[in-house]
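Q: what follows is a predicted structure for the sequence shown.
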Amino acid sequence: MESKLENANLMHEDKNNLAYYDALAFWYSAGSATSQAWVAFLEKFILQSLPEKAHFLDICCGKGELIQQLLMKGYQVTGLDFSKEMLHYARENAPNGEFIQSDARFFKLPPTFHAVVSTQNSFSNVTSLEELTSVFYNVYTAMLENGWFAFDLSQEEEYILNHNDSYSDVRDDFAFNLLSRNYYPEEKIYRRNVVLFRLINGTWQRSDVTLVERPYFPEQVKSALEKVGFKEVKVYDVNRELAANESELTGELDGLVKNGRMCYVCHK
């Protein structure tokens with residue numbers, strides 16, 4: 001099923017990040033373990049508060065793995081992503097979902113959704129607090145009264161622990177080389193530089209792409225959420241709190257556990 005909003009304009013997109021996700025969509029995957037971990041998280045903190053067949057919006061939905069998990073539970077789900085290539089795979093992975101191509105910073109939807117979710121540290125692609133606040137405002141206006149919002153974001157700790165290394169993946173039809181992952185603490189900016197060679201129609205094609213992200217501190221995120229009207233903002237340190245203290249979720253949450261990764265839950 002395709003949304004009537006499928007042709008929503010992409011405005012002011014971050015060209016670097018869009019090129020990165022379009023180029024690597026074929027390779028990128030959230031993985032079933034991570035999607036199942038998110039379902040476990042939602043079951044713990046949100047799903048019991050939603051009506052039967054509630055309507056979800058998955059922002060920065062990627063290739064739709066979480067959408068398919070939620071559809072299988074009987075929910076309605078709309079996925080939004082600014083990458084056309086990501087949405088191509090999302091439609092294959094979750095054929096009963098609806099999809100919108102748009103930028104999280106600028107989309108406008110009427111109050112339709114009982115819950116909104118965003119995973120995989122996606123909002124870190126928004127590199128100013130002002131624009132992150134705009135994302136939260138867009139989410140707020142798209143939600144029904146008493147709707148729920150859950151997402152994860154990295155703190156600076158995660159970038160400090162995981163920068164300055166490299167990675168390669170070489171197959172018969174592509175060669176992927178993560179040249180560098182660098183964090184610049186003065187700027188609070190992280191850059192991941194990738195060179196990709198891909199065999200397309202018998203010809204090797206090269207892409208050089210860069211992903212730009214920014215960490216956010218919980219007090220910044222909580223203040224921005226409250227500024228647009230969200231209530232009872234809860235912040236969970238996934239590694240220190242959820243994995244350590246929620247024993248029934250420890251195994252299921254393995255896909256979420258990262259040092260410096262925070263999960264946020266709030267409602268309208």
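A: Nice, thanks for sending it over.
Q: every contact and neighbour count from this point should use C-alpha atoms.
A: Noted.
Q: any idea how far residue 230 lies from residue 145?
A: 11 Å (Cα to Cα, to the nearest Å).
Q: tell me how this structure divides into domains.
A: Annotated domains of the chain cover 15-157+217-267, 161-212 [automatic domain parsing].
Q: quick one: low-confidence residue ranges for the stretch 151-268 of the chain.
A: With pLDDT under 70 as the threshold, the stretch 151-268 of the chain has low-confidence stretches at 165, 240-258.
Q: do a quick rundown of the helices in the stretch 151-268 of the chain.
A: 156-161, 218-228, 243-245 (DSSP state H, counting those that start in this stretch).
Q: so of the domains of the chain, which one's packed in deepest?
A: A comparison of the domains of the chain by mean neighbour count, using mean count of other Cα atoms under 10 Å, puts domain 15-157+217-267 on top with a mean of 19.
Q: now the terminal residues of it, how far apart.
A: End-to-end distance for domain 15-157+217-267: 32 Å, by Cα to Cα.
Q: show me the contacts for the residue lying closest to residue 111 once chain neighbours are set aside.
A: Among residues not flanking residue 111 along the chain, residue 142 sits closest, at 4.1 Å (Cα to Cα, 6 or more residues apart in numbering). By Cα atoms under 8 Å, 6 or more residues apart in numbering, the contact list for residue 142 reads 108-113.
Q: returning to that earlier point: who touches both of residue 230 and residue 145?
A: Common neighbours of residue 230 and residue 145 (Cα under 8 Å, 6+ apart) are residue 268.
Q: what separates the most far-flung residue of the chain relative to its centre from residue 85, distance-wise?
A: Distance from the C-alpha centroid of the chain, by Cα atoms, centre = their mean, peaks at residue 202 (33.3 Å). Look at residue 202 and residue 85: by Cα to Cα, they are 20 Å apart.
Q: point out where the stretch 1-150 of the chain drops to low pLDDT.
A: Using pLDDT under 70, the stretch 1-150 of the chain drops low at 1-13.
Q: what are the ranges of the helices in it?
A: In the stretch 1-150 of the chain, the helices defined using DSSP H, counting those that start in this stretch lie at 15-24, 32-45, 65-72, 84-93, 129-142.
Q: can you redo the ones you listed as JSON lines with distance to residue 155?
A: Shown next, in JSON lines, are these (distance: least, Cα to Cα, whole Å):
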{"stretch": "helix 15-24", "distance to residue 155": "19"}
{"stretch": "helix 32-45", "distance to residue 155": "19"}
{"stretch": "helix 65-72", "distance to residue 155": "23"}
{"stretch": "helix 84-93", "distance to residue 155": "25"}
{"stretch": "helix 129-142", "distance to residue 155": "13"}
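Q: and the nearest residue to residue 81 once chain neighbours are set aside, what is it in contact with?
A: Sequence neighbours aside, residue 60 is the residue nearest to residue 81 in space, at 4.5 Å (criterion: Cα to Cα, 6+ apart). With Cα under 8 Å, 6+ apart as the criterion, the residues that contact residue 60 are 79-82, 104, 118-119, 122.
Q: what's the most distant pair in these?
A: Using Cα to Cα, the two most remote members of the contacts of residue 60 are 82 and 119, lying 14.7 Å apart.
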